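> Show me how the following folds:
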Amino acid sequence: MDAEQLKAGLRNLALDLRWSWNHVADELWTRLDPELWTLTHNAWVILQTISGERLDGCLADPAFRDKLEETLRYYEYRNTHPRWFQNAHSNSPINAVAYFSMEFMLSDALPIYSGGLGNVAGDQLKSANDLGIPVYGIGLLYQQGYFRQHIDHDGNQEALYPYNDPTQLPISPLRLPNGEWLRFSIAMAGTRIWLRSWEVRVGRVRLLLLDSNDPANLPGYRGLTAELYGGGPETRLQQERILGIGGWRVLRALGLRPEVCHLNEGHAAFAVLERARDFMEEQKLPFDVAFTATRAGNLFTTHTPVAAGFDRFLPALMERRMHRYAEERLHIPFKQFMAMGRLNPEDESEPFNMAYLAIRGSGAVNGVSRLHGAVSRKLFEPLFPRWPEAEIPVTYVTNGVHVPTWDSEAADDVWTAACGKERWRGDLEQLATALDSVSDTNLWTMRTKSRAQMVTYARSYLSRQLAGEGAPSADIELAKRLFDPDILTIGFARRFATYKRPNLLLHDPDRLLRLLTNEERPVQLVLAGKAHPADHDGQEMIRQWIQFIRHSPARHHVVFLADYDMQMTEHLVRGVDLWLNTPRRPWEASGTSGMKVLVNGGLNLSELDGWWAEAYTPDVGWAIGDGREHDSDPEWDRQEGKQLYSLLESQVVPMFYGRDASGVPVEWIKRVRASMARLTPQFSANRVVREYVETHYLARAKAYCDRTSNLAQVQELMQWRQALEENWGRVRFGEVDVASDGGEHRFNVQVYLNGLDPESVRVQLYADAKDGGGAEIRDMERCSPLVGASNAHCYTASVPAARSAGDYTPRIIPHHTLAATPLECSQILWYR
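Below you'll find the model as predicted:
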C-alpha cells in the first residue's frame, strides 16, 4: 500500500468502534499519541489532533506500516468471514433487523448514553457484530448527551453539559451514493424540521443517528436533540417522534426494508406507525390493513418495572403535535390514533401511553429478566382483562453484557489459555467446564493483578480530580497513596436513586466504620454514580456518602469517584473483589453492572432482584432479602441493612482472608471459579442476542413475510377480528355437565356462538397452576349441534380425576392460525 492508502486505512480503523473492545490496533494509537490515547481512548480524536508530520513519520517506520497493514487485513477478515448467524441460519428470512433505542453505550468516545438502557443496546450491537447478525441500530446524536458530574466542596452534585463536537466523535455523515449528505424533513405542527443523519461503524454493524441541529431549522428545533432525558414532556415527545418516525425514514432512504423492528423500550413506539404508513402508501392500503400486516414483524422489549416509568403524554400535547400526522399521514381519525395509546379509548382525558402503543403495534413483547417478565405481566394485565396473569403475552429474555468489552487483560489471558480467542463469537456450551484446568493459584494471580491495576487507576483518577478542584497538595499526595492492592475491595457504582438504596450500607455508620478499619481484616470501598439532575433525594444520598468519607477515619478506606462513565466502569468491574447491589425488589428490571464482574472473577452480593434472582445460588455469591416484595418499608430497609452487615462480617470478609499455606484463599477462589464458569456465558450478550434471534427474530421475520406477501390472509384476519368484536357480546354458555368415573372427569359444555363461525374460537377447560407447575389447559372437542338452536354446539373433554372437577372452568377464547392471542385479540369468556 502507498502512503495515501495507508492513511485512508487508518481513517477507516479510527471510525470503526471495534477498537473500543478489540485491542488489536492499540499499538497503533499508542504510537501516534500515547498520552491522548491513555486519557481519551478515542482513536478518531488522535487522528484529528496529531500533525501531518507526526503521521508521516509513523508511516515511514516499517514496523508501524507492517502493523497497520496486518490490522487492516484482520479487520477485512472479520468483516467478511461468515459468523455464527451465517452458519446456523443460512436460509433465514432475515436480511436486516432495525434496533431502535433512545441511547447506545458503545464507548466514552461517543457519549450518547445515560446508563442501563444504553448499556444493553450498545452491548447487543457489539454482540450482533461478533455473531454476524445484520442489525442496524437507530438512535439520536445528542449535542450534549447526558450530564457530566462534578462534586463541590460540600459534597453537592453539579451537572455539567459539555458540547459533543461532531468533528471529534467517531462518526461520519451518512451520504447517499451521489455523495449528498442524507438530510430529510418531517412535519412538525405546521412547519418542517430537518434531520441530519450520521453513521457509526461497530464492526460489520451500523448505528444510524439522527440530530436536529441543522442550520435550516428554527432555533427551538435545533436544540431538540441537545440532551438525553433533558427538557420537559414536549421535548421528550419530539425526540421520540424523531427516533421512531425519522428513524424508519432513514432506513427507507437507504433502501433498507428490515423484516424485524426491535423497540428497545417504548420511546421508539412511533416506528410501528411509520412502518405501517410506509407499507400503506406503497401498497395503496387502508392504514388498519397495513398496521395488521406489519406489526407481526415488530418486537417490543420493555425495561420498566413500575407503571410510572412509562412515557405518558397529555391529550392537549398530543393534539398539538400529532393530530396532523394522524389525519394527514396515517389517514385515520385522531381519536383512533389516541386509542392506540390508551387503556380506555373512550376516556378523552387519559394520557397517551407509549408502552401501550408499542404493545398494540408489536407481534411479541418481552421483559429483561425472569422476574421482570412476571412483573411486566402484572403491569400490562389491564390491557388483557380477565386473562390469567400467566397468559398475559409477555415473555422474557434476560439481559447480558458484551464480555470482551468488560474483561481485564489478566482475565483475557486466563480465558484464552483455557478456551481460545474465539470463545465469545459462537455457541457457548463448551465454556461451562473450560476453567476446570486453571489452577487456584492462576485464578488468584489474575485477581491480584486486576485489583492492583484498579487501585492504580483509582489513585490516578482521584489525584487528577482533586488537582482539578484546586485541592491542597497534601490531599493530592494522599490520593496517590490511596488504598492497598492486597485488601478486600468492594465496589458500588450505580445511578443514585432511592429505589436502588445506595445508602443501605450507611444504615449504621459506626458498624460500617468498624468493618472497614479492622486492623487484621480491613476492607476498602469504591463508590461512583450519578443522580438525575431533578432527583434531589438521589443527590442527597451522594452528599451523605461524601460527608461520611470526609469527616471520619473512613477517608483512607472509602473513595467516591466523580463522573461515573463507561471508562471508569471498565476499571472498576475488572478490579473489585465484590460487587454490591441493593435495589428494592422488584424495581430492578434486570441490572447489568454485576454481570460485568463475572468474567473477571469478581463476586456478587445483591438483592434477590432482576438478573440475580435467577443467577444466585450459594456457591457463586451472596444474596440479601427474602425473595418477596416489601415496597419502600423503612423497617424492612433496616432489616436488610443488618443482613448486609452480617453477611459481610461473618461470611465475605472471613472467606476472603482465609488463606492456605501458599497464601491462596481457597474457598473464595472456589466461588470465583463457579461464578466465572457458570454465570459468565449465561449472562453474556452473546447468549442474549442468539436467544433473540432464535426465539423472536426468526419468528417475527417469518410472520412479517407471511402477512406482507399474502394480503388476502390479512384481510381475512381483520374480518375475523371484526366478527369477534361485533358478536362477542352475544356468545354465551349453556348447561355444563360433569360426570366423574373411571379415574377421569368428563365435561359436556353447551356453547351458543350466535353469529360467530365455530372455527373462529376455541373452547377450553382451564385449571390454575398447582404444586409449582403451570396452568392446565385442555382444548374441548366440538360434537353435535344443539337441537332447536342456531349455531350452538356441545363441546366435550376428559381430564384425569387427580384433581377435583371443581378446579376446572370452561372458557372460550378467539382462535386464528395467523393471530397471536391474546396480543392481537384479547376477548375471553368464562363460565360463571
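> so is the nearest residue to Tyr831 once chain neighbours are set aside in a helix, a strand, or just coil?
Distances taken as Cβ to Cβ, 6 or more residues apart in numbering place Pro810 nearest to Tyr831, at 4.2 Å, with adjacent residues excluded. To be clear about C-beta, it is placed using only N, CA and C from the backbone, and glycine gets the same treatment. Pro810 falls in the strand class when you classify it by DSSP: H, G, I helix; E, B strand; the rest coil.
> For Pro810, which residues are in contact?
733, 736, 747, 749, 763-766, 780, 795, 830-831 (Cβ atoms under 8 Å, 6 or more residues apart in numbering).
> how does it look with 10 Å?
Pro810 makes contacts with 733, 736, 747-751, 763-766, 780, 795, 797, 829-832, as judged by Cβ atoms under 10 Å, 6 or more residues apart in numbering.
> Across the sheet, point out what pairs with it.
On the basis of DSSP bridges, Pro810 is bridged to Leu765.
> picking up where we left off before, only whichever of the contacts of Pro810 are buried, select them in PyMOL.
A single PyMOL command selects the buried members of these (16 or more other Cβ atoms under 10 Å):
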select buried, resi 733+736+747+748+749+750+751+763+764+765+766+780+795+797+829+831
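> and the residue nearest the centre of the chain, backbone torsions?
With distances taken as Cα atoms, centre = their mean, Val120 lies nearest the centre of the chain, 3.5 Å away. Dihedral angles of Val120 (phi, psi; degrees, to the nearest 10) stand at phi -60, psi -50.
> Now it: closest residue in space that isn't a chain neighbour?
The nearest residue in space to Val120 (Cβ to Cβ, 6+ apart) is Asn399, at 5.5 Å.
> part of a strand, is the one you found?
No: the assignment for Asn399 by three-state DSSP gives coil, which leaves it out of any strand.
> what about it, neighbour count?
26 (other Cβ atoms under 10 Å).
> ditto for Asn503
Neighbour tally, Asn503, other Cβ under 10 Å: 18.
> List the contacts of the closest residue to it other than its chain neighbours.
Nearest non-adjacent residue to Asn503, counting by Cβ to Cβ, 6+ apart: Met541, 4.9 Å away. Neighbour list for Met541: 157, 496-498, 500-503, 506, 529, 531, 535 [criterion: Cβ under 10 Å, 6+ apart].
> Can I take it that Met541 is in a helix?
Yes: assessed by three-state DSSP, Met541 belongs to a helix.
> and it, how far is that from His532?
Distance of Met541 to His532, given as Cβ to Cβ, to the nearest Å: 12 Å.
> what does Gly232 give?
14 Å.
> joint contacts of Met541 and His532?
In contact with both Met541 and His532: 157, 496-497, using Cβ under 10 Å, 6+ apart.
> residue ranges for the helices of the stretch 551-700 of the chain, please.
Here the stretch 551-700 of the chain has its helices, by DSSP state H, counting those that start in this stretch, at 566-575, 612-615, 634-647, 653-657, 666-674, 680-682, 685-691, 698-708.
> if we can go back for a sec, in terms of packing, which of Gly232 and His532 has more residues around it?
Neighbour count, other Cβ under 10 Å: between Gly232 and His532, His532 has more, with 18 against 8.
> which residues sit in contact with the more buried one?
So His532 contacts 114-115, 146-147, 157, 159, 229, 495-497, 538-539 (Cβ under 10 Å, 6+ apart).
> helix/strand/coil for it?
His532 ends up coil, using three-state DSSP.
> State which helix of the protein is the longest.
Secondary structure of the chain per DSSP state H: the longest helix is helix 440-468.
> remind me, longest strand of this protein?
strand 191-202 (DSSP state E).
> Would you mind listing the buried residues in that one?
193-202.
> Averaged pLDDT, it. What do you get?
For strand 191-202, the mean pLDDT works out to 95.
> returning to what we had before: in strands, which of the contacts of Met541 fall?
Gln157.
> Quick one: buried ones out of the contacts of Met541?
157, 496-498, 500-503, 529, 531, 535.
> what's the most distant pair in those residues?
Across those, no pair lies farther apart than Gln157 and Arg501, at 17.8 Å, counting by Cβ to Cβ.
> could you pull out the strands for the stretch 701-832 of the chain?
Ranges of strands within the stretch 701-832 of the chain are 732-741, 744-752, 761-767, 776-779, 781-785, 792-800, 809-814, 829-830, based on DSSP state E, counting those that start in this stretch.
> could you say which helix or strand contains Gly139?
Assigned by DSSP states H and E, Gly139 belongs to strand 135-140.
> Parallel or antiparallel, list what pairs with that strand.
Strand pairing (DSSP bridges) places strand 135-140 next to strand 97-101 (parallel), strand 205-211 (parallel).
> can you dump the C-alpha coordinates of it into CSV?
This file holds the C-alpha atoms of strand 135-140, laid out as CSV (Å, rounded to 0.1, in the frame of the first residue of the first chain):
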residue,chain,number,x,y,z
VAL,A,135,-28.5,-5.4,12.7
TYR,A,136,-28.9,-1.6,12.1
GLY,A,137,-29.1,0.5,15.2
ILE,A,138,-31.2,3.6,15.2
GLY,A,139,-30.7,6.4,17.7
LEU,A,140,-30.2,10.1,18.3
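> now the angle between strand 191-202 and it, please.
For strand 135-140 against strand 191-202, the angle by axes from the mean of the first three to the mean of the last three Cα atoms, to 10 degrees is 130 degrees.
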